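Enquirer: With the input below, show me the fold.
(one chain, ligands or ions: 1)
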Amino acid sequence: MAEKRKFQAIKGTRDLLPPETELWNRVEQTAREVFGTFGFGEIRLPIIEKIDLFARSIGSETDIVGKEMFSFEEYGFTALDTFRRNIITLNLVGPEPRFGFFNPQIHVDRFLEALSSSVQKGEIAKTPEVLSALGSMTELRDQLTAELQKEKPDPEEVRVYWSAIQQQAKNVHLGDQICLRPEATASVCRAYIQHNMHALTQPVKLYYMGPMFRRERPQKGRYRQFYQIGAEVLEAITPNTDATKSLGKDAAVDAEVIEMVMTFFARLGLEGVQLDINSIGHSAPECRRGYVEKLRAALEKVKDKLGPDSQRRIETNPLRVLDSKLESEQGIIAGLPRIGDSLCADCAKQYEKVKRQLDLRGVKYQENWRLVRGLDYYMRTTFEITARGLGSQNAVCGGGRYDGLVELLGGAPTKGIGFAIGEDRLILSLQEAVKGSVAQGRDVYIAWMGEKTLATAIRAAQNLRAAGFRVELPPVEQKLGKALGQADKLGARYALILGENEVASGEWTVKTLADGTQELVRGEKLVEFLRVQKKKEV
Ligand code: HAM
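Expert: Residues are numbered from 1 along each chain as shown. Sure, this is the predicted structure:
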């Protein structure tokens with residue numbers, strides 16, 4: 001008998017349950033409302049994209065692309081793929097050894113034949129994996145055949161040959177390398193190019209929400225499937241624009257995007273919000289690249305005092321050393337050269353303008369020269385927002401400017417700025433503030449008693465729901481005491497008591513559960529009565 005197994009959600013993923021999901025819905029609804037008032041429209045993007053999209057944009061040296069992607073291969077339903085699947089899924093030895101019943105080598109022959117024909121036709125590239133499969137699978141097939149032809153084949157030998165064959169088959173890439181998206185900025189840029197959005201009125205302002213995937217070590221506020229609410233502003237660069245005017249315009253756009261996310265947080269009542277801003281200049285020798293060299297030289301001098309991660313980053317990405325949270329490195333980092341002193345004239349000017357724009361909008365910020373962000377596509381403005389109650393994973397939003405990314409992905413020269421909010425963290429911080437007292441509740445619990453009252457109870461539930469009230473209609477009748485107990489447990493505000501007398505007279509009893517008071521209300525006046533009560537509560 002098969003063992004009874006209790007399935008669990010995969011590590012780093014979670015089920016979100018009521019009543020918490022009510023808060024998620026409220027947050028998402030508020031985002032739609034606030035972003036709508038700033039002229040943003042929603043874009044819905046696929047969850048799977050080609051790996052290359054992220055390798056090119058986020059950067060192949062970053063942690064996200066280097067080690068955190070959930071990826072797989074996408075191939076058509078070709079004969080070659082079917083033959084390969086036959087090999088990979090065939091279990092030669094195990095609880096039910098299959099050899100002896102038929103000839104497994106036939107799958108290998110079919111696969112090799114189809115593979116060499118596809119290579120000849122140029123449908124599949126001659127990669128080292130393909131060449132190795134063509135060479136060594138033939139050899140392994142012969143060895144397996146010899147073993148199976150023995151009077152008593154050795155299961156261990158068969159297993160070794162067959163797993164080697166399976167491994168070779170797995171190594172052959174038949175299609176595109178696909179991944180679950182780790183973020184959505186690159187996808188938005190891809191969509192902007194794909195749908196010729198440069199031909200629309202510029203800038204194009206888009207927002208999105210949905211799950212993202214990164215294979216990180218799970219902890220509070222850090223998951224492998226997490227949710228982001230993000231927004232991006234994209235604007236095609238028109239030739240011959242006045243550079244100085246353009247700096248001012250960009251600064252206004254940056255500040256408005258930041259103002260929008262701060263307005264959203266304020267609307268939600270998020271507490272302990274802190275906005276950090278910085279400029280990381282642009283990638284030119286007289287700006288960021290020059291700074292990175294200065295930084296690298298300074299880090300080389302203190303290399304011995306740094307931890308292994310930072311030591312490695314001196315070579316690969318010295319800017320990331322500034323992100324270090326290691327206690328022992330804080331004093332050293334404080335003495336390192338600062339990017340603000342190395343910005344080119346235009347980047348410095350733009351940064352000043354962003355700060356002025358934020359001041360004009362009454363947005364409070366803190367300058368943080370160490371804020372470099374972990375994705376390669378940023379330039380000039382970068383920002384991060386932290387909130388209360390999140391422990392070490394306290395960044396609830398990150399964003400910045402990424403002029404040039406659309407071009408890097410094959411589009412025309414385009415400017416971009418945006419942010420993404422970690423929705424899981426936002427919810428955690430909101431829950432912390434109200435200490436988890438998000439009750440799902442009902443507005444009305446209908447306590448119906450006696451078969452004859454059921455039709456009236458159903459109609460009352462329909463009318464109340466149509467008017468937007470949350471109604472619980474128990475499927476079977478209950479004694480009044482039990483019904484009121486149940487109403488209490490569900491956090492209902494009112495109990496509508498329908499006995500045969502009430503139904504006959506048309507005068508229904510409405511009990512306010514908080515204080516136990518009761519009123520008689522005519523059936524047809526019930527919706528209006530509850531509306532008035534609700535207004536009084538607000
Ligand atoms: P990011 O800083 O990688 O930026 O992520 C933004 C936010 O997503 C973080 O501040 C955090 O709140 C949340 N987040 C990231 N990883 C996790 C995780 N494993 N678990 C829970 N929450 C997480 C971006 O993704 C950029 N695309 C933002 C952007 C948009 N820049 C310009 N436009």
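
Enquirer: who does the closest residue to His198 other than its chain neighbours bridge with?
Expert: With sequence-adjacent residues excluded and distances taken as C-beta to C-beta, 6 or more residues apart in numbering, His198 is closest to Ala236, at 3.9 Å. C-beta here means a position set from N, CA and C on the backbone, and glycine is covered the same way. On the basis of DSSP bridges, Ala236 is bridged to Thr414.

Enquirer: How much space separates Ala236 from the ligand?
Expert: Per C-beta to the nearest ligand atom, to the nearest Å, Ala236 is found 17 Å from the ligand.

Enquirer: Is it correct that that residue is in contact with Asp403?
Expert: No. With contact defined as C-beta atoms under 8 Å, Ala236 does not count as touching Asp403 (11.3 Å).

Enquirer: which residues touch the closest residue to the ligand within the chain?
Expert: When scored by C-beta to the nearest ligand atom, the chain has Gly422 as its residue closest to the ligand, at 2.1 Å. Neighbour list for Gly422: 221, 226-228, 395-397 [criterion: C-beta atoms under 8 Å, 6 or more residues apart in numbering].

Enquirer: coming back round to it: the residue nearest to His198: neighbouring residues, count only.
Expert: By other C-beta atoms under 10 Å, the residues close to Ala236 number 18.

Enquirer: which residues sit in contact with it?
Expert: Contacts of Ala236 by C-beta under 8 Å, 6+ apart are 198, 202, 412-414.

Enquirer: If you drop the residues flanking it in sequence, what lies closest to the most centrally placed residue in the chain?
Expert: Computing the C-alpha centroid of the chain and ranking residues by C-alpha atoms, centre = their mean puts Met212 first, at 2.5 Å. Distances taken as C-beta to C-beta, 6+ apart put Gln228 closest to Met212, at 5.3 Å, once the chain neighbours are dropped.

Enquirer: wait, Ser71 sits on His173?
Expert: No. Between Ser71 and His173 there is no contact under C-beta under 8 Å: 11.4 Å.

Enquirer: Any idea how many residues pack against Gln366?
Expert: 11.

Enquirer: got it, and Gln219?
Expert: Gln219 has 11 nearby residues by other C-beta under 10 Å.

Enquirer: how many neighbours does the nearest residue to it once chain neighbours are set aside have?
Expert: Nearest non-adjacent residue to Gln219, counting by C-beta to C-beta, 6+ apart: Gln393, 6.9 Å away. Gln393 has 17 neighbours, counted by other C-beta under 10 Å.

Enquirer: so who does Gln393 touch?
Expert: 219-222, 425.

Enquirer: Compare those residues and tell me which is most surrounded.
Expert: Highest count within the contacts of Gln393 by other C-beta under 10 Å belongs to Arg425, 25 neighbours.

Enquirer: about what we covered before: tell me the secondary structure at the residue nearest to Met212.
Expert: strand (DSSP: H, G, I helix; E, B strand; the rest coil).

Enquirer: what does the stretch 251-400 of the chain put close to the ligand?
Expert: 395-400 (C-beta under 6 Å from any ligand atom).

Enquirer: Could you identify the pair within those residues that is furthest apart?
Expert: Val396 and Gly400 (15.3 Å; C-beta to C-beta).

Enquirer: How about the residues of the stretch 401-538 of the chain by the ligand?
Expert: Counting by C-beta under 6 Å from any ligand atom, the stretch 401-538 of the chain sits next to the ligand at 418-420, 422, 424-425.

Enquirer: Now, those residues that are in helices?
Expert: Using DSSP state H, the subset of those located in helices is 424-425.

Enquirer: all strands for the stretch 251-400 of the chain, in order.
Expert: 274-279, 366-367, 379-386, 395-401 (DSSP state E, counting those that start in this stretch).

Enquirer: Would you mind listing the buried residues in the strand or helix carrying Asn501?
Expert: Element membership for Asn501, per DSSP states H and E: helix 500-505. Across helix 500-505, burial judged by 16 or more other C-beta atoms under 10 Å covers 502-503.

Enquirer: Tell me which helix or strand comes right after that helix.
Expert: Downstream of helix 500-505 (by DSSP H and E), the next one is strand 507-512.

Enquirer: Who are the packing partners of that following strand?
Expert: Counting contacts by 3 or more C-beta pairs under 8 Å, 6 or more residues apart in numbering; DSSP states H and E, strand 507-512 packs against strand 492-498, strand 518-522, helix 526-537.

Enquirer: Name the strands paired with it and say parallel or antiparallel.
Expert: Strand 507-512 is paired, per DSSP bridges, with strand 492-498 (antiparallel), strand 518-522 (antiparallel).

Enquirer: sorry, back to before: got a markdown table for the contacts of Gly422, with distance to Tyr207 and pLDDT too?
Expert: Output for the contacts of Gly422, formatted as a markdown table (distance: C-beta to C-beta, whole Å; pLDDT from 0 to 100):
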| residue | distance to Tyr207 | pLDDT |
| --- | --- | --- |
| Gly221 | 22 | 94 |
| Phe226 | 17 | 98 |
| Tyr227 | 13 | 98 |
| Gln228 | 10 | 98 |
| Ala395 | 19 | 95 |
| Val396 | 16 | 98 |
| Cys397 | 13 | 98 |
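
Enquirer: Name the member of the residues you listed with the most neighbours.
Expert: Val396 (27 neighbours).

Enquirer: How about the contacts made by that one?
Expert: By C-beta under 8 Å, 6+ apart, the neighbours of Val396 are 265, 270, 273, 385-387, 390, 421-422, 425-426, 429.

Enquirer: for Leu131, same thing?
Expert: By C-beta under 8 Å, 6+ apart, Leu131 lies in contact with nothing.

Enquirer: That one should be in a helix, yeah?
Expert: Yes. Leu131 forms part of a helix when assessed by three-state DSSP.

Enquirer: Just the pLDDT for it.
Expert: Reported pLDDT at Leu131 in the predicted model: 89.

Enquirer: wait, the residue nearest to Met212 sits on Arg181?
Expert: No. Gln228 is beyond contact range of Arg181, at 9.7 Å (criterion: C-beta under 8 Å).

Enquirer: Using the three-state scheme, assign the nearest residue to Phe83 once chain neighbours are set aside.
Expert: Nearest-residue entry for Phe83: Phe111, 4.0 Å, with adjacent residues in sequence omitted and distances by C-beta to C-beta, 6+ apart. Look at Phe111: counting by three-state DSSP, its state is helix.

Enquirer: Please report how far Phe111 lies from Asp81.
Expert: Distance, Phe111 to Asp81, using C-beta to C-beta, to the nearest Å: 10 Å.

Enquirer: Look at the two and report which has more neighbours.
Expert: Neighbours of Phe111 and Asp81, each counted by other C-beta under 10 Å, are more numerous for Phe111; the result is 26 against 17.

Enquirer: Between Ser71 and His173, which contacts overlap?
Expert: Counting by C-beta under 8 Å, 6+ apart, nothing touches both Ser71 and His173.

Enquirer: residues contacting the residue nearest to Phe83?
Expert: When contacts are counted by C-beta under 8 Å, 6+ apart, Phe111 touches 80, 83-84, 86-87, 137, 169.

Enquirer: Including secondary structure, could those residues go into TSV?
Expert: Formatted as TSV, these follow (three-state DSSP):
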residue	secondary structure
Leu80	helix
Phe83	helix
Arg84	helix
Asn86	helix
Ile87	helix
Met137	helix
Ala169	helix
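
Enquirer: Switch the residues of the stretch 401-538 of the chain next to the ligand over to a markdown table; also include pLDDT.
Expert: Output for these, formatted as a markdown table (pLDDT from 0 to 100):
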| residue | pLDDT |
| --- | --- |
| Gly418 | 98 |
| Phe419 | 98 |
| Ala420 | 98 |
| Gly422 | 98 |
| Asp424 | 97 |
| Arg425 | 97 |
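
Enquirer: coming back round to it: so what's the residue of the chain closest to the ligand bridging to?
Expert: Gln228.
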